[in-house]
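Participant: need a structure here:
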Amino acid sequence: MSKQSGKYNVTDPRKISYELFTLTYGSFVMQLIKDYEDVEEVNKQLDTIGYNMGVRMIEDFLARNAHIGRCSDFRETAEVLSKQAFKMFLGIQPQVTNWNNSFDEFSLIIDPNPLTEFVEFPDNGKFENLRYSQVICGAIRGALEMVQLKVECSLKTDQYKGDSTYTEIRVKFVEIIEDAIPVGED
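Facilitator: Okay, the predicted model is just below:
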């Protein structure tokens, strides 16, 4: 299938799952391009799809990692995201770097990006504005919202474009989401 990772063997369903995802992701994006015929709309769809994936993935992550408690600060959240969540779902461990002075914004450096491993787009300028890895930004946003952290997540560089040898995702803490009681319920 692909390179052997140290922790998972080929029969591990998690490994098969993320390998299947990386193998089929390029075809999926091309189908979205054919369906929507507008790269900006495809970017929105990738973000929405990623968000919905993240909402569901956090439940699986927390169920499989019951030993992980509530993070004490955003730096700890970044470390758990990088070292455990990415490893579990994509088999990689991005580097957490470029913290700002108030420690509420950081970059995730993904090198190599498994989503770009099996993809080639024509170099005709048609896909210049495509944010190919936007699904990851949406997944991060969706997962963190489910644990009451509102963040902004943006793609700074995308390895598939060739403008960089890595993918950089910028994550910025916005606010803690307070639990809201529905109107009429006490």
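Participant: need the contact list for the closest residue to residue 49 other than its chain neighbours.
Facilitator: In this structure, residue 49 finds its nearest non-sequential neighbour in residue 135, 5.9 Å apart by Cβ to Cβ, 6 or more residues apart in numbering. In this view, the C-beta of every residue, glycine as well, is placed from N, C-alpha and C. Residue 135 is in contact with 25, 46, 47, 49, 50, 53, 115, counting by Cβ atoms under 8 Å, 6 or more residues apart in numbering.
Participant: Could you rerun that using 6 Å?
Facilitator: When contacts are counted by Cβ atoms under 6 Å, 6 or more residues apart in numbering, residue 135 touches 46, 49, 50.
Participant: how about the second one, secondary structure?
Facilitator: Remark: residue 49 carries the secondary structure label helix [criterion: DSSP: H, G, I helix; E, B strand; the rest coil].
Participant: Show me where this structure has its strands.
Facilitator: With DSSP state E, the ranges of strands along the chain come out as 95-97, 105-110, 149-157, 167-176.
Participant: Quickly compare those strands and say which is most buried.
Facilitator: Highest mean neighbour count of the strands of the chain: strand 105-110, a mean of 21 (counted as mean count of other Cβ atoms under 10 Å).
Participant: And the residue nearest the centre of this protein?
Facilitator: Of all residues in the chain, the one closest to the mean position by Cα atoms, centre = their mean is residue 136, 2.3 Å from it.
Participant: how close does that residue get to residue 37?
Facilitator: Separation of residue 136 from residue 37 (Cβ to Cβ, to the nearest Å) stands at 24 Å.
Participant: what does residue 59 give?
Facilitator: Distance, residue 59 to residue 37, using Cβ to Cβ: 34 Å.
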